[in-house]
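Peer 1: Can you look at this prediction? I've put the sequence above it.
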Amino acid sequence: MNADPDEDSQLPLEVIHRVEEVCAAFEEGWRGGARPAIENLLDVGPGPQRAVLLRELLAVELECRRLAGERPAAAEYSERFPADGALVDLVFREAEGATSVCDETIDSPARNARHEMPADQDLPRGFGDYELIEEIARGGMGVVYKARQAALERIVAVKMILAGNLASDDEVERFYFEAQAAAQLDHPNIVPIIEVGQVGAQRFFSMGFVAGASLAQRLAAGPLAPREAAGLLLAVADAVQYAHGRDVVHRDLKPANILLDADGRPRITDFGLAKRVKDNSGLTATGQVLGTPSYMPPEQATGKTQLVGPVSDVYSLGAVLYAMLTGRPPFQAANMLDTLKQVLEQEPVPPRQLDPTIPRDLETIALKCLEKAPSKRYESAQSLADELRRYLAGKPILARPVGRLERAQRWCRRNPVVAGLSAVVVLALVSGIGVSTYFAVKADARAREAIAERERAEEGFREARETVDKYFTSVSESKLLNVPGLQPLRKELLESALAHYEKFIGRYGDDPNVQAELASTYLRVGTITSDIVSQEQSLAALEKAVEICRKLVHENPMTTRHQDALASAIIRLGHSQRTTGRSAAAEVSYQRAIEIDEKLARENPTATNYQQELSNAYIGLGRVQGATGRRVEAEASYQRAIAVDEKLVRENPTATRYQDALASAIIRLGQEQGATGRRAEAELSYQSAIEICEKLVRENPTVADYQDRLAQTYSNLGYVQRDTGRRVEAEASIKRAIAINEKLVRENPTVTSYQD
């Protein structure tokens with residue numbers, strides 16, 4: 001039954017509670033053998049209120065009948081509820097596992113239609129200019145097929161109205177609205193509309209086919225690494241801002257509606273619930289609850305459609321970020337009504353309580369998006385995108401975390417009765433009423449304070465560790481500190497960071513509650529000590545990091561970030577083992593890291609960090625193989641590293657670290673080619689590396705490492721030219737290398753590697 005578009009029939013919280021009470025009593029009656037009739041319980045209000053209750057009661061009755069050994073049929077219920085045929089079909093499909101309550105709209109307009117779409121066994125079949133190949137998605141109103149468009153010989157997706165020629169006027173209008181809303185959006189991260197048409201009585205539109213999984217399917221394997229999640233959401237937020245700029249609000253953003261193409265790039269789809277900001281069509285009447293509860297903002301959950309706008313999509317983007325970081329949506333319950341209650345009444349669990357390794361800035365960004373009050377969220381998807389760019393660039397974000405006082409105030413607002421009772425208890429204690437209660441409360445308060453003190457200590461540890469991490473990263477990666485003459489200062493700052501890390505380890509080394517942080521700390525310590533202390537001390541710290549990471553992966557095998565941390569630790573351990581002469585152990589480490597990173601890169605094609613680590617592992621393996629005389633194997637490893645680096649450079653042309661890594665890999669390959677007498681191939685490799693290095697030096701004239709690598713490559717080229725009898729060219733190359741090195745020595749008199 002459709003709600004009257006002019007009727008202000010909102011779905012307030014008390015109605016949700018009423019529906020829940022009716023369903024609980026109904027289920028209790030069935031389990032007690034009374035078999036109450038649904039028809040007698042539907043008097044809860046008009047339109048969407050009745051639809052929500054009917055859907056829940058049908059689901060309960062089907063479950064109870066099947067537990068009793070009965071096999072209820074949809075036709076039986078269609079006869080009992082002739083005005084709700086589509087809703088009956090939806091509940092039966094959900095009961096059979098075809099769909100989930102969280103993937104459908106809660107709105108259930110009355111339809112007499114039965115589904116007319118062909119089953120998979122009828123495919124492939126012709127449909128106008130299209131050949132339908134297979135069904136790829138089915139929802140409450142539409143079905144989507146993978147199809148081949150004959151005229152242009154390409155694969156597309158074709159969406160049709162599920163009810164076929166029996167679709168109601170409202171369904172047809174909503175269907176075409178979706179097509180029109182998406183058709184005006186031309187953005188690389190939005191699935192494009194190709195054609196809107198009709199074959200016989202069947203209306204359809206075709207759109208680009210995305211050959212990949214949805215983000216929801218990707219998250220089934222576990223959360224994403226923080227930077228990967230931030231980068232992916234940035235692309236989605238930019239696309240959403242583009243849609244908002246054209247007055248289109250999506251209203252159903254969720255992982256299932258974000259497709260990942262073959263390169264891992266996100267593509268937004270399913271504008272079936274979209275609305276135009278200035279739309280007055282009445283397609284969504286006030287009081288209709290549309291969307292997916294776990295990703296739905298409170299104003300949408302209460303049916304207040306007049307309040308739904310661009311910042312509602314910002315909320316959903318925050319919910320998607322939350323899911324990418326934690327592996328679960330911010331609100332999730334056993335049924336739709338309980339989920340709606342959480343959306344309206346509860347604050348989301350802070351992501352770092354679920355996984356302490358999640359960066360605090362990303363937690364703050366997600367929670368700001370998830371504010372109940374629209375005015376407290378980011379003002380636009382553009383503001384959210386700008387914040388994510390700041391995070392990815394290592395800059396301070398603008399949002400600030402919610403403090404304890406504000407959290408307490410929110411709790412009191414949501415629980416006024418309990419808060420009032422607490423005030424009464426405090427007053428009674430102050431007045432001296434109930435001495436035994438007073439001492440009991442005091443004891444409980446001491447216990448709570450002890451727990452709070454521990455939490456404060458752990459929080460202090462994390463905050464301090466994060467500060468030192470940022471400090472270390474700045475020292476290690478800052479171009480300023482690579483300026484000639486500043487290396488002694490860099491060493492001094494690294495030694496200071498090392499002292500802080502060692503304090504952390506001394507205080508928390510045996511604490512199981514901070515294992516992920518400790519693994520990262522040991523990894524940092526191992527990296528610093530290899531630079532400024534000794535490889536032996538570095539080896540001990542890295543072995544500890546690997547030990548902790550292996551334990552975390554064993555306990556959380558589906559958590560991507562622990563696998564990533566393990567691979568990083570193993571690679572650095574391999575470097576230390578190789579440097580200290582443990583070639584066999586180093587080779588085992590590199591092979592294990594390659595195995596992990598290849599899997600992570602395959603499953604996360606947009607995450608550049610996995611590819612970069614994979615390249616590092618191949619380089620390390622090649623160095624071990626070359627040092628042990630296995631030149632052919634070493635060359636193959638360098639070729640694999642080059643292939644990975646070339647892909648990174650193509651996809652990230654302005655990122656100098658990938659260009660530098662590519663040049664280094666090519667130089668290594670040239671050395672192997674020269675060692676096996678293939679001087680012509682070696683010369684080509686060195687020339688290619690010189691071209692990259694000269695570009696890096698030209699664009700980054702103060703970075704000493706780029707100059708050093710360029711000098712090394714000219715020197716290698718000169719020796720190849722000398723060995724092939726081209727002494728004039730060889731002399732020019734060697735002189736070029738000497739000139740660069742002389743400049744480096746003048747500007748860095750304490751760096752002995754430049755003097756060598």
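Peer 2: Right, received. Where do you want to start?
Peer 1: nearest spatial neighbour of residue 126, skipping sequence neighbours?
Peer 2: Leaving aside its sequence neighbours, residue 126 sits nearest to residue 132 (CB to CB, 6 or more residues apart in numbering; 7.7 Å). Where C-beta positions appear, they are placed from N, C-alpha and C, glycine not excepted.
Peer 1: State the helix or strand in which the one you found lies.
Peer 2: Using DSSP states H and E, residue 132 sits in strand 130-138.
Peer 1: Who does that strand pair with, and is each partner parallel or antiparallel?
Peer 2: Looking at strand 130-138 with DSSP bridges, its partner strands are strand 125-127 (antiparallel), strand 142-149 (antiparallel).
Peer 1: most packed of the ones you listed?
Peer 2: strand 142-149 (a mean of 21; mean count of other CB atoms under 10 Å).
Peer 1: In the stretch 501-650 of the chain, where is pLDDT below threshold?
Peer 2: Flagging of the stretch 501-650 of the chain using pLDDT under 70 yields the residue ranges 501-518, 521, 524, 528, 530-534.
Peer 1: show me where it has helices.
Peer 2: Secondary structure of the stretch 501-650 of the chain (DSSP state H, counting those that start in this stretch): helices at 515-532, 535-555, 560-579, 583-603, 608-627, 631-651.
Peer 1: Of all those helices, which one is nearest residue 84?
Peer 2: Closest approach to residue 84 among these (CB to CB): helix 583-603, 42.3 Å.
Peer 1: tell me which residues in that closest one are buried?
Peer 2: Buried residues in helix 583-603, counting neighbours by 16 or more other CB atoms under 10 Å, are found at 585-587, 589-590, 592-594, 596-598, 600-601, 603.
Peer 1: Let me know the closest of these to residue 380.
Peer 2: residue 603 (32.3 Å).
Peer 1: Test for you: state the pLDDT assigned to the residue nearest to the closest one when sequence neighbours are not counted.
Peer 2: The spatial neighbour of residue 603 that comes closest, neighbours along the chain excluded (CB to CB, 6+ apart), is residue 221 at 6.5 Å. With respect to pLDDT, residue 221 has a value of 83.
Peer 1: same thing with the one 5 residues further on?
Peer 2: Predicted confidence (pLDDT) for residue 226: 93.
Peer 1: List the contacts of it.
Peer 2: Neighbour list for residue 226: 325, 358, 359, 362, 561 [criterion: CB atoms under 8 Å, 6 or more residues apart in numbering].
Peer 1: Return the closest of the residues you listed with respect to residue 311.
Peer 2: Set against residue 311, the nearest of the contacts of residue 226 by CB to CB is residue 362 (19.7 Å).
Peer 1: for that closest one, helix, strand, or coil?
Peer 2: Following DSSP: H, G, I helix; E, B strand; the rest coil, residue 362 is assigned to helix.
Peer 1: buried set for stretch 633-644?
Peer 2: Buried residues in stretch 633-644, defined by neighbour count with 16+ other CB under 10 Å: 633, 634, 635, 636, 637, 638, 640, 641, 642, 644.
Peer 1: and what of stretch 320-331?
Peer 2: By neighbour count with 16+ other CB under 10 Å, stretch 320-331 contains the buried residues 320, 321, 322, 323, 324, 325, 326, 327, 329, 330, 331.
Peer 1: The residue nearest to residue 126 and residue 155, how far apart?
Peer 2: According to CB to CB, to the nearest Å, residue 132 stands 12 Å off from residue 155.
Peer 1: Ok, residue 668 next?
Peer 2: Taking CB to CB as the measure, residue 668 falls 41 Å from residue 155.
Peer 1: just residue 363 next, same as before
Peer 2: 40 Å.
Peer 1: of these two, who's got more company?
Peer 2: residue 363 (22 against 12; other CB atoms under 10 Å).
Peer 1: how about the more buried one, what does it touch?
Peer 2: 325, 350, 351, 352, 401.
Peer 1: Contact partners for the first one?
Peer 2: For residue 325, the contacting residues are 223, 224, 226, 229, 351, 355, 358, 362, 363, 366, taking CB under 8 Å, 6+ apart as the criterion.
Peer 1: and if we set it to 7 Å?
Peer 2: Taking CB atoms under 7 Å, 6 or more residues apart in numbering, we find residue 325 in contact with 223, 226, 229, 351, 358, 362, 366.
Peer 1: Equivalent analysis for the second one, please.
Peer 2: If you count contacts by CB under 7 Å, 6+ apart, residue 350 has them with 363, 367.
Peer 1: before we move on, the earlier item: so which bits of the strand holding residue 132 are buried?
Peer 2: Neighbour counts over strand 130-138 (16+ other CB under 10 Å) mark 130, 131, 132, 133, 135, 137, 138 as buried.
Peer 1: which one of the residues you listed sits closest to residue 307?
Peer 2: Of these, the one sitting nearest to residue 307 (CB to CB) turns out to be residue 137, at 29.7 Å.
Peer 1: so what's that closest one closest to, chain neighbours aside?
Peer 2: residue 144 (4.1 Å).
Peer 1: quick one: the one you found from residue 245, how far?
Peer 2: Between residue 144 and residue 245 the computed distance is 27 Å (CB to CB).
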